[in-house]
Each structure stands twice: as structure tokens, then as C-alpha cells.
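**Student:** This is the structure alone, sequence omitted:
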């Protein structure tokens, strides 16, 4: 079904591609180039047991664009919440690069992962595949190959894919881009859910991020733009709320984490 939806949309794409290209080029010239967060390794939490080892893997959000250090970004916040839940130290490492697709991560970053198996791998991908207008079947193949490569290295480590980026809310994007790429992101998310279901010990947090929901939960009245550092990448607040939600999902859904 997702492939059919993509093909129907692709019939009209030639009419829209010149507009999308012009709009994308204009946005790139206006959005500042943010550096990745510093300190890609760290330890959070306390406890007498050996540290729980966390690896995060992915694109710009995992690389921490929009915050100064990973401690205040996604990975450091996730590690802190996991440490509290597990009542032990969490030793974390970030392997991510802005602009990477699932295929890039597989080729460029998986070979750099530690030889010792971590206790958990959390993956944040999908944005760049959508920005590249990759069809669902290409995304599914890339995700499958990434999972298979990780399984060759770490047979038993739980793997968690985070939710897809909220492209429909990107302040820097035009309405056309939010509509078209937002639809594609949702297709890729449904495709990922089907692929992940085929792999034991692999999980997908399929929650759709809405800032209206976050505003109600947090008791803040900010606009969507307040949740972004540059109109595309998360702000410090967004990273921390997102990481907390992913940590709660892990606590409830990932059996091996609960048993640690």
C-alpha cells in the first residue's frame, strides 16, 4: 500500500520538483549550519553494578545539532533517564553525522562501533531518506540491511528505532514541503514498523510527535518554532522531552532493559 501511495504521488512529482528544488535551495541558504554537539561519550547515573552500555546511532538529531553538548541533547538525557530507571550507571557513546541516510550509517558508522556488545542500541534515522525523496522500498531495504549488519556484530543487543521527525511542524519548511515530505515521512514510518516487526529484539517507537501534545503535557504555551533551534533541528527542550519519551517506551516495551 505504501509503495502504491508513493507511486501515485510520483506521477505528479515532475510538476513539483522544480518548485521543491528552488524552495529547498532557498531554505538551505537561510538556515544556519549548526555544529554537532560536543562530548560524544559520557557516563550518567550512579550505582554499584557495572555500567549499562548505550550506543546511539543516526543522523543530525542524534549528532546533537542545536545543543552545545550531548549531555543536554538526546543521548545524554536518554542515558540519565535510563540510569534512573535501572538504578545504575549508563555509559554512552554517540555515532552520528548530519546528512546521513540509513545506508550512510551502515557504510560509514557501523564499522566504527565498539567490538564489545553494548546493552542497547538506539537509532534515529529517516529524515534524510525523506529529504532525498527515497521511496518506501528503498528505505525498507536500507533499514533491513542496517539491522542485519548490527545483528552480525551484536546478536542479542536490543535495537530501538526512535519515532520519525515531525516534518509537518518544521517552521523553516514551506507549506508544500511540509505537506509532501511530511506525507513521505509518515509512509516511511509505517514501512519501518512493518520491517521491524520481522526482527526479534528490534523495536520501533511509532509515536507521532505533535507539539500541541507536548505543550499540554509541559504546561507551556509556546509556538512550534520554540521547539526548534533553527527551524529544522530540535531545541534543548525538544531533545530532552523526546529523550524522556523514548526512555519511557524502552522501560515499558524492551524486555531486556527491564531485566537488567
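**Tutor:** All right, it came through fine. Note that the coordinates shown come from a computational prediction; the quantities given were computed from them, not determined experimentally.

**Student:** only C-alpha atoms for contact and neighbour calcs from this point on.
**Tutor:** OK.

**Student:** show me what contacts residue 97?
**Tutor:** 36, 58-60, 62-63 (CA atoms under 8 Å, 6 or more residues apart in numbering).

**Student:** what's the neighbour count on residue 243?
**Tutor:** 23 (other CA atoms under 10 Å).

**Student:** Kindly apply the preceding question to residue 171 instead.
**Tutor:** Residue neighbour count, defined by other CA under 10 Å, stands at 18 for residue 171.

**Student:** Now do the contacts for the nearest residue to it once chain neighbours are set aside.
**Tutor:** Spatial nearest neighbour of residue 171, excluding adjacent residues (CA to CA, 6 or more residues apart in numbering): residue 231 at 4.8 Å. Contacts for residue 231 (CA under 8 Å, 6+ apart) come out as 31, 170-173, 225.

**Student:** before we move on, the earlier item: would you turn the contacts of residue 97 into TSV with neighbour count, pLDDT and distance to residue 162?
**Tutor:** Shown next, in TSV, are the contacts of residue 97 (neighbours: other CA atoms under 10 Å; pLDDT from 0 to 100; distance: CA to CA, whole Å):
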residue	neighbour count	pLDDT	distance to residue 162
36	21	94	19
58	27	98	10
59	24	97	12
60	24	96	13
62	25	98	10
63	27	98	14
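
**Student:** low-confidence ranges in this structure?
**Tutor:** Scanning the chain for pLDDT under 70 picks out the ranges 1-29, 31, 219-222, 224, 256-260.

**Student:** so where do the strands sit in it?
**Tutor:** Taking DSSP state E as the criterion, the chain carries its strands at 41-44, 52-58, 90-96, 120-124, 159-161, 202-204.

**Student:** Output the ones you listed in a markdown table; the columns should cover distance to residue 133.
**Tutor:** Formatted as a markdown table, these follow (distance: least, CA to CA, whole Å):
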| stretch | distance to residue 133 |
| --- | --- |
| strand 41-44 | 32 |
| strand 52-58 | 18 |
| strand 90-96 | 21 |
| strand 120-124 | 18 |
| strand 159-161 | 20 |
| strand 202-204 | 21 |
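
**Student:** Nearest to residue 83, out of the ones you listed?
**Tutor:** The closest of those to residue 83 is strand 90-96. By CA to CA, the value is 5.5 Å.

**Student:** Just want to check the distance between the closest residue in space to residue 150 that isn't next to it in sequence and residue 247.
**Tutor:** Spatial nearest neighbour of residue 150, chain neighbours left out: residue 110 (7.3 Å); criterion: CA to CA, 6+ apart. Counting by CA to CA, to the nearest Å, the gap from residue 110 to residue 247 is 23 Å.

**Student:** okay, these two: which has more neighbours?
**Tutor:** Comparing residue 110 with residue 247 by neighbour count (other CA under 10 Å), the higher total belongs to residue 247, at 20 against 17.

**Student:** still on that earlier bit, what separation do you get for the residue nearest to residue 171 and residue 146?
**Tutor:** According to CA to CA, residue 231 stands 29 Å off from residue 146.

**Student:** returning to what we had before: out of the contacts of residue 97, who's nearest residue 141?
**Tutor:** residue 58 (16.3 Å).

**Student:** Would you agree that closest one is in contact with residue 103?
**Tutor:** No: Residue 58 is beyond contact range of residue 103, at 10.4 Å (criterion: CA atoms under 8 Å).
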